[in-house]
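Student: heads up, no residue letters with this:
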């Protein structure tokens with residue numbers, strides 16, 4: 001994430017000035033710190049702070065010129081920069097490469113708008129991911145911080161007094177925006193007529209709480225400040241009481257305004273009032289508190305909140321999300337509108353709630369651990385061999401007409417799903433004529449369909465050996481691709497790439513455009529598994545161009561459909577669903593025109609995944625069932641395992657646990673019957689999560705350990721994910 005450690009700006013209040021130090025926060029940070037001091041006229045600082053309040057109070061008012069307000073804020077911020085910071089601190093802030101800044105303050109200094117300190121026209125909160133950490137003289141017990149693991153739980157509380165339509169719409173938009181991230185965050189939404197008892201009972205159960213409603217501040221009794229609910233206030237004192245025995249959420253976002261203020265103004269003690277409630281949450285174990293300092297227009301608050309949560313779930317730090325939210329407001333409304341000044345962050349800005357793994361939590365093809373995407377079937381390897389009779393006769397080395405009859409018969413049997421008959425017929429061909437090369441990829445594909453990758457790999461190696469013996473480099477390149485793909489499916493990425501590279505080099509050397517395109521496409525899928533999407537798209541674009549120029553040839557038309565499919569897969573991984581759907585549809589139409597049933601199944605499942613991400617569950621289920629029917633007709637054991645796994649995931653998302661359990665169990669049974677280890681791991685992982693959710697810890701542990709054992713050998717990121725789930729059971 002960050003390339004450098006965060007900076008800590010530590011500031012202490014003295015009788016007649018400030019003492020401060022700035023240093024890097026990290027494991028290798030220096031144990032010695034240099035402090036510098038500056039004399040400060042606190043009367044002048046108070047005047048400048050009031051000038052800041054005056055400027056912010058004019059935002060959005062009739063007759064106020066945004067350019068003048070911005071200039072005034074910059075001038076005031078410049079003076080605060082000059083008066084409050086020592087020369088050495090200024091130099092460090094100007095020269096540092098760090099993007100995170102923790103401002104550690106005494107409580108007596110919270111009224112100063114540190115975020116709005118301005119150096120040469122640039123505000124501190126726009127230059128850094130800035131968060132406040134406050135030192136208090138109060139006697140408080142060490143807070144109990146919440147342990148974060150697995151899927152985050154978020155509670156959205158909006159419009160509890162039923163008089164803020166904008167707050168309600170804000171909550172709905174945030175819920176809908178995050179709903180498709182269900183594997184990362186579970187959303188609970190509550191609105192209108194919410195009482196304080198509900199908040200007291202439920203706050204402790206969530207990792208994130210978003211509140212949009214009224215807030216009342218009591219200057220005389222700060223502990224009486226709080227959020228307004230239908231029957232009264234949830235006061236700061238209530239928060240402290242709850243926090244004595246329970247861990248409160250890690251993040252609280254208070255998008256609240258004062259119910260006592262009819263106008264959008266800023267009170268002179270707005271910083272202190274905001275802190276009175278924030279401090280109660282912070283003392284009670286809340287790591288991060290994001291608060292609105294004044295009331296702003298509903299579209300503005302919604303824009304900030306949407307940007308904040310979008311960036312948060314993408315794995316950015318809390319501080320960066322606040323800064324990106326500010327920049328989004330500047331982009332949409334302009335710097336002079338000053339809407340970006342409204343929000344304040346208390347807590348370490350460098351903290352990441354949604355951890356980014358070595359493989360980001362995105363849709364994946366191989367392990368199917370997070371919404372598995374099936375790669376296009378490998379039938380295309382042998383389809384191009386059947387593209388024309390002339391090609392067959394030039395490359396198959398047989399003068400016996402009955403051999404060709406048997407081979408065409410085996411092809412028809414394959415299309416019908418008569419797998420045992422395919423193997424019997426092809427075996428009879430190669431026993432008599434081992435140099436009849438086209439039989440080998442057909443046999444290997446049948447073994448893969450049945451889930452026997454060991455036999456598929458052995459067949460591809462035989463294919464390569466006899467191709468080399470005949471000096472048939474087209475077939476040899478195809479054999480290399482087949483070997484690479486089999487290793488790829490088994491998670492052996494180094495060997496897969498090695499054979500893809502051999503195939504690409506050989507096909508380019510022999511001007512074999514068909515195999516060159518196939519090798520490029522398989523390498524693109526390899527790079528997709530590594531999350532290197534730009535490289536994958538580059539390779540797919542080359543492959544598609546080669547096939548598009550020659551689509552009048554049957555084999556190239558087949559591979560063009562495969563290219564479209566994999567481009568759809570890539571854009572699904574990037575969550576560009578409209579583009580993904582477009583390419584899947586193009587692929588589907590081509591496969592329909594070519595009457596390739598097996599590939600149609602793949603298209604139906606990945607189109608179904610797009611519908612699932614869009615929350616169109618019935619459309620998703622319809623697509624899945626169409627694909628499942630095809631795979632059942634073809635007897636495609638390997639696909640059936642992934643089919644049931646994906647259907648199980650859909651039912652889990654729909655909340656139908658019994659049906660999810662049924663399909664995960666079928667997926668595991670199917671995978672175990674053919675010893676498909678990656679599919680066994682995926683189904684076991686999903687069953688482990690299901691039983692964990694049901695509270696069956698022993699069963700959850702059994703299945704998670706089975707998944708962990710497999711992933712430890714082939715996929716370290718998935719291994720770490722399973723390990724994490726196991727640790728949360730203890």
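Tutor: Everything's here; your move. Predicted, not measured: the structure shown is a model, and the values here were computed from it.
Student: Any buried residues in stretch 288-301, and which?
Tutor: 288-296, 298, 300-301 (16 or more other Cβ atoms under 10 Å). To be clear about C-beta, it is placed using only N, CA and C from the backbone, and glycine gets the same treatment.
Student: Out of those residues, list just those in strands.
Tutor: 288-292 (DSSP state E).
Student: closest to residue 147 among these?
Tutor: Comparing those against residue 147 with Cβ to Cβ picks out residue 288 as the nearest, at 15.3 Å.
Student: is the closest one in a bridge, and if so with what?
Tutor: residue 251 (DSSP bridges).
Student: Repeat that for the one 4 residues further on.
Tutor: According to DSSP bridges, residue 343 are recorded as the beta-bridge partners of residue 292.
Student: does it really touch residue 342, like I thought?
Tutor: Yes - counting by Cβ atoms under 8 Å, residue 342 is a contact partner of residue 292 at 5.3 Å.
Student: Mutual contacts of those two, please.
Tutor: residue 301 (Cβ atoms under 8 Å, 6 or more residues apart in numbering).
Student: Could you tell me which ranges of the stretch 401-550 of the chain sit under the pLDDT cut-off?
Tutor: 417, 451 (pLDDT under 70).
Student: what's the strand or helix carrying residue 463 in contact with?
Tutor: Using DSSP states H and E, residue 463 maps to helix 453-469. Applying Cβ under 8 Å, 6+ apart, the contact partners of helix 453-469 are 430, 434-435, 437, 440-441, 443-445, 447-448, 473, 475-476, 478-480, 482-483, 486-487, 489-490, 676.
Student: Stretch 686-702 too?
Tutor: 645, 648-649, 652, 657, 660-661, 664-665, 667-668, 703-704, 706-707, 722, 725-726, 728-729.
Student: Out of these, name the ones that lie in helices.
Tutor: 645, 648-649, 652, 657, 660-661, 664-665, 667-668, 703-704, 706-707, 722, 725-726, 728-729 (DSSP state H).
Student: PyMOL command for the buried members of these?
Tutor: Written as a PyMOL command, the selection of buried residues from the ones in helices among the contacts of stretch 686-702, which uses 16+ other Cβ under 10 Å, is:
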select buried, resi 645+648+649+652+660+661+664+665+667+668+703+704+706+707+722+725+726
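Student: how does the protein divide into domains?
Tutor: As recorded under automatic domain parsing, the domains making up the chain are 7-135, 152-346.
Student: so which of those is the most packed in?
Tutor: Mean neighbour count (mean count of other Cβ atoms under 10 Å) peaks for domain 152-346 among the domains of the chain, with a mean of 20.
Student: what's the span of it, first residue to last?
Tutor: Terminal residues of domain 152-346 lie 20 Å apart, using Cα to Cα, to the nearest Å.
Student: now that domain: mean pLDDT?
Tutor: For domain 152-346, the mean per-residue pLDDT is 84.
Student: What of stretch 84-100?
Tutor: 94.
Student: Determine how far the last residue of that stretch lies from the first.
Tutor: 20 Å.
Student: chain center to that stretch: distance?
Tutor: A distance of 34 Å separates the centroid of the chain from that of stretch 84-100, by Cα atoms, centre = their mean, to the nearest Å.
Student: which outside residues touch it?
Tutor: Contacts of stretch 84-100 (Cβ under 8 Å, 6+ apart): 2-7, 9, 18, 20-22, 24, 34, 36-38, 40, 45, 81, 101, 112, 117, 119, 124, 128-129, 131, 317, 319-320, 349-350.
Student: Give me the subset of those residues lying in strands.
Tutor: Those of the contacts of stretch 84-100 lying in strands (DSSP E): 7, 9, 18, 20-22, 24, 36-38, 101, 119, 129, 131.
Student: which of those sit farthest apart?
Tutor: 37 and 129 (27.1 Å).
Student: Now for residue 67: which residues touch it?
Tutor: Taking Cβ under 8 Å, 6+ apart, one finds residue 336 in contact with residue 67.
Student: oh sorry, the question was meant for residue 218
Tutor: Going by Cβ under 8 Å, 6+ apart, the list of residues near residue 218 reads 224-225, 276.
Student: got those as a markdown table, with distance to residue 571 and secondary structure columns?
Tutor: Shown next, in a markdown table, are these (distance: Cβ to Cβ, whole Å; DSSP: H, G, I helix; E, B strand; the rest coil):
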| residue | distance to residue 571 | secondary structure |
| --- | --- | --- |
| 224 | 53 | helix |
| 225 | 48 | coil |
| 276 | 48 | helix |
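Student: all helices for the stretch 401-550 of the chain, in order.
Tutor: 401-416, 419-432, 439-449, 453-469, 473-489, 493-509, 513-529, 533-549 (DSSP state H, counting those that start in this stretch).
Student: by contact count, what packs against the fifth one?
Tutor: Looking back up the chat, that one is helix 473-489. helix 380-383, helix 439-449, helix 453-469, helix 493-509, helix 513-529 (3 or more Cβ pairs under 8 Å, 6 or more residues apart in numbering; DSSP states H and E).
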